[in-house]
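Curious how this folds, go ahead:
(2 chains)
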Amino acid sequence: MRLSIKMAIAYLVLVLMSIFWLLPFYIALVTSLKTHRETYVTNVLQPPSHIYLGAWIEAWNRVSRAFFNSIVVSISSTLLCVLIGSLGGYYLARFRFRGANALFFMIAVGAFIPYYVLLIPMTRLLASIGLFGTLPGLIIAYVILFSPWAALISSAFFLAIPRDFEEAAYVDGASPLQAFFRVVLPIALPGIVSTTIIVFMNIWNEFLFAVSLITDPTYRTIQPEIANLRGTTTVAWNTLMAGSLIGVLPPTIICLFLGRYFIRGLLAGTLRGAAR
Amino acid sequence: MKLSKIRYFLIFMGPILTITIIFYFMIGWCIYISMTDWRSARVSMKFVGLRNYFDVVQSREFYVSLINNIQWIALFMLPTTFLGLVIAYLIILTGKETIFRTIFLLPTAISMVVAGTLWVWMYATNGGINTLLRMIGLGSLARPWLSDPRTALYALIFVTVWQYLGFSIIVFEAAIKGIDRTLIEAAVVDGASGFQVFRYVILPQVRHGFLIAVPLLGLSALKVFDVVFVATRGGPGISTYVLAYYMWVKAFWWRFMADGAAIAVILLLLSLVLVIPYATYALRRWFG
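Okay, the predicted model is just below:
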């Protein structure tokens, strides 16, 4: 009996907290399905009297270009970061060389400091190679910012893999590159998926560089576009909420369906040691 | 043999090494820019020493931003770590880990821009929070949270608690799961209540969780920018200014690039207080 009361309290706290934690999403959803008039005259918690998709259509027209820009930027820079990061992360996890500790330390410090410190020089760097204000410029910026992250996170996963497989490959005469691509990567695939997810989410959600390095609205990515919607006084709440929900679609889908990998990636990103 | 070793070192480490070098070169570059007279749309690299730092530090915006960042760190870190630990414990207790974890992680997965936007609507005069307060008979507390300078900062701090709680939960969940089960079982056999188990067995054993959560959450609070940008633009007045936002306003609004760079360097130095011990600790766990 005592035990079940304890459980009841645990459930009560968790369910109440969960409802409150989901409330902003719920309100955003119902608001996005109301007409402009209805958002003003009805209670925010109340579901719409009928499903109205006008706000979603308007929001999509306003943010679709930015959404595709973000897809291009996020996918290409994520792939580059993960390639660069996992090559380095593997070497850091497996081979002892002079300066390995110092290098690990430098990369870790680079991954944790406020990356804002790179912003102003980045405008100069990109301007000097003629890529300021372009999507390739933004991709370069993200590769510089997030490759150290990718190296650290993937390294945590490589550390957790037993050496036996590679050693067998070496005995069979494989080169380190062959061993890496044919033996290690397939075994480390779940870890690589986690790394990819974390880097992708960071880049998709990144705002400061996106808003500062792109000035032409044609090349704007999704986060600045949502901030712009929010700053435009003529945009109604229903459109703004629909636009926000469109903007969180990729990370939300990942969180719901690949949550396990997301969590493992988050934990590996804390550098608590080899990722289990 | 020696040659091929160098070759493979370059293939594996070359790209990340190059990027790390560029990364640190750019930090140095930022420090240099912070000591120039680049204070307009036209790039100028004349060296002026620490003048920009004196100007920045003496401004009222800097003072308000610094105080706000300090408040942000304290008022964000404490509830987020504490709630994270308690909820992680409750989640493990119920055994319904997947569902609850997913719910609390959703805000962690979305961008701070969207989080800010959703909460602007939550905090609006007829938004979610005020509606809820009226529903439970606390209508007198209802207010325009973000346009009242007394509540705006704390309202924004709460948005970050909402966002990072999921992260804190999974850190503590992992820490609790790392505890030897037999310790908990022994305590239960000895007749300890749920609270006693939590207080005397779990709390002392999750030290590692605190060592991760506290510095990383502190850093997040120091870096906070997006939510201020979308929700209040630093207002009302300058009441919700934070260092990162002040940097952006100086550099990209007023085009005082050198001043912006100086603020960025100050932000970097402040962060090193947390980053260096943390990286050292991580390094020890990594290779030790």
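
right, is stretch B:209-223 up against chain A?
Yes. Stretch B:209-223 reaches chain A (C-beta under 8 Å from any C-beta of the partner chain) through B:I212, B:L216, B:L219, B:L222, B:K223. No exception for glycine: its C-beta is placed from N, CA and C like everyone else's.

remind me which residues of chain B are low pLDDT?
Along chain B, segments meeting pLDDT under 70 span B:1-2, B:288.

And the next helix or strand past the longest helix seen in it?
Criterion DSSP state H: the longest helix present in chain B is helix B:60-94. Past helix B:60-94, further along toward the C-terminus, the next helix or strand under DSSP states H and E is helix B:97-109.

helices or strands up against that next one?
The criterion is 3 or more C-beta pairs under 8 Å, 6 or more residues apart in numbering or on different chains; DSSP states H and E, and the helices and strands that helix B:97-109 contacts are helix A:2-32, helix A:249-257, helix A:259-268, helix B:60-94, helix B:152-177.

mind putting those in JSON lines, distance to B:D259 included?
Below are these laid out as JSON lines (distance: least, C-beta to C-beta, whole Å):
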{"stretch": "helix A:2-32", "distance to B:D259": "36"}
{"stretch": "helix A:249-257", "distance to B:D259": "34"}
{"stretch": "helix A:259-268", "distance to B:D259": "35"}
{"stretch": "helix B:60-94", "distance to B:D259": "10"}
{"stretch": "helix B:152-177", "distance to B:D259": "23"}
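
any idea how far A:T239 is from A:G133?
Distance of A:T239 to A:G133, computed by C-beta to C-beta, to the nearest Å: 27 Å.

Please identify which of the two sits among more neighbours.
Counted by other C-beta atoms under 10 Å in any protein chain shown, A:T239 and A:G133 do not tie: A:T239 has more neighbours, with 26 against 16.

In which helix or strand does the residue nearest the centre of chain B reside?
Note on chain B: the residue nearest the mean C-alpha position is B:S220, at 1.2 Å, using C-alpha atoms, centre = their mean. For B:S220, the host element (DSSP H and E) is helix B:207-223.

what does the next helix or strand after that helix contact?
Using DSSP H and E, the helix or strand that follows helix B:207-223 in sequence is helix B:226-231. Helix B:226-231 is contacted from outside by A:207-208, A:211, A:223, A:226-227, A:230-231, B:111-113, B:115-117, B:119-120, B:146, B:156, B:159-160, B:234, B:240-242, B:244-245, B:248, using C-beta atoms under 8 Å, 6 or more residues apart in numbering or on different chains.

So among these, which ones count as buried?
Taking 16 or more other C-beta atoms under 10 Å in any protein chain shown as the criterion, what is buried in those is A:207-208, A:211, A:223, A:226-227, A:230, B:111-113, B:115-117, B:119-120, B:146, B:156, B:159-160, B:234, B:240-242, B:244-245, B:248.

Of those, which belong to helices?
Taking DSSP H as the definition of helices, these contribute A:208, A:211, A:223, A:226-227, A:230, B:112-113, B:115-117, B:119-120, B:156, B:159-160, B:244-245, B:248.

what's near enough to touch the closest residue to chain B within the stretch 1-150 of chain A?
Nearest residue of the stretch 1-150 of chain A to chain B (C-beta to the nearest C-beta) works out as A:G88 at 3.1 Å. Counting by C-beta under 8 Å, 6+ apart, A:G88 touches A:S147, A:A151, A:S155, B:F12, B:M13, B:P15, B:I16, B:L17.

Neighbours of the nearest residue to it once chain neighbours are set aside, how many?
Take A:G88 and drop its neighbours on the chain: the residue closest to it by C-beta to C-beta, 6 or more residues apart in numbering or on different chains is B:I16, 3.1 Å away. B:I16 sits with 25 neighbouring residues when counted by other C-beta under 10 Å.

what's the spacing between B:I16 and B:L269?
Noted for B:I16: a distance of 25 Å to B:L269, by C-beta to C-beta.

What is the neighbour count of the closest residue to A:W149 other than its chain neighbours?
In this structure, A:W149 finds its nearest non-sequential neighbour in A:A111, 4.9 Å apart by C-beta to C-beta, 6+ apart. Close neighbours of A:A111, defined as other C-beta under 10 Å, add up to 23.
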